[in-house]
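Engineer: Dropping a prediction and its sequence here:
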Amino acid sequence: MGEHGQFIPPDYSKGDETTVAGYRAVHARPAALEGRDGFSYSLEITSDACGDPGKPFGAYLMFVQWSRLGAQKVEGHLESDFLAFGSTDTEAEHALGTMPLAEAQQVLDSLIRARDGDSKRRWWNAVESDSA
């Protein structure tokens, strides 16, 4: 879906949809993943200065968590450590963009596991415990 719900067909000439950046290019939107907690997450690549002269910029994944009930809104987010580096922010982001979506899913699930422990906390359990 494009802006305002307009369907935009995928353009497979723009990249490999099985990678983080390729999916965005082909579908004109960020990839969405389901976390092990049952919530939906949008996936973004972002970067920042690292403070290391040998690798001045690092790129990381930011997973935006969406609400399950009521109006669609952001519930929170999770961020990975730096996963790729470069001499510029663009170079670092490009390097991370080649990551397969399956690997990004593993990163998301490990971040959720680190946050919630080893239990598989489903969204309906989270809603019950958060409203109590």
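Structural biologist: Yep, it's here. Numbering: from 1, shown residues only.

Engineer: pretty sure Ser80 is touching Val107, no?
Structural biologist: Yes: between Ser80 and Val107 there is a contact under C-beta atoms under 8 Å: 5.2 Å. For glycine as for every other residue, the C-beta is placed from the backbone atoms N, C-alpha and C.

Engineer: Give me the more crowded residue out of those two.
Structural biologist: The neighbour count for Ser80 versus Val107, taken as other C-beta atoms under 10 Å, is higher for Val107 (19 against 16).

Engineer: In the helix or strand encompassing that one, which residues are buried?
Structural biologist: Element membership for Val107, per DSSP states H and E: helix 101-116. The neighbour-count check on helix 101-116 (16 or more other C-beta atoms under 10 Å) flags 101, 104-105, 107-109, 111-112 as buried.

Engineer: And the helices in the protein?
Structural biologist: Ranges of helices within the chain are 20-27, 89-97, 101-116, 123-131, based on DSSP state H.

Engineer: could you dump these to JSON lines with distance to Val64 and mean pLDDT?
Structural biologist: Output for the helices of the chain, formatted as JSON lines (distance: least, C-beta to C-beta, whole Å; pLDDT from 0 to 100):
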{"stretch": "helix 20-27", "distance to Val64": "14", "mean pLDDT": "96"}
{"stretch": "helix 89-97", "distance to Val64": "16", "mean pLDDT": "97"}
{"stretch": "helix 101-116", "distance to Val64": "11", "mean pLDDT": "97"}
{"stretch": "helix 123-131", "distance to Val64": "15", "mean pLDDT": "54"}
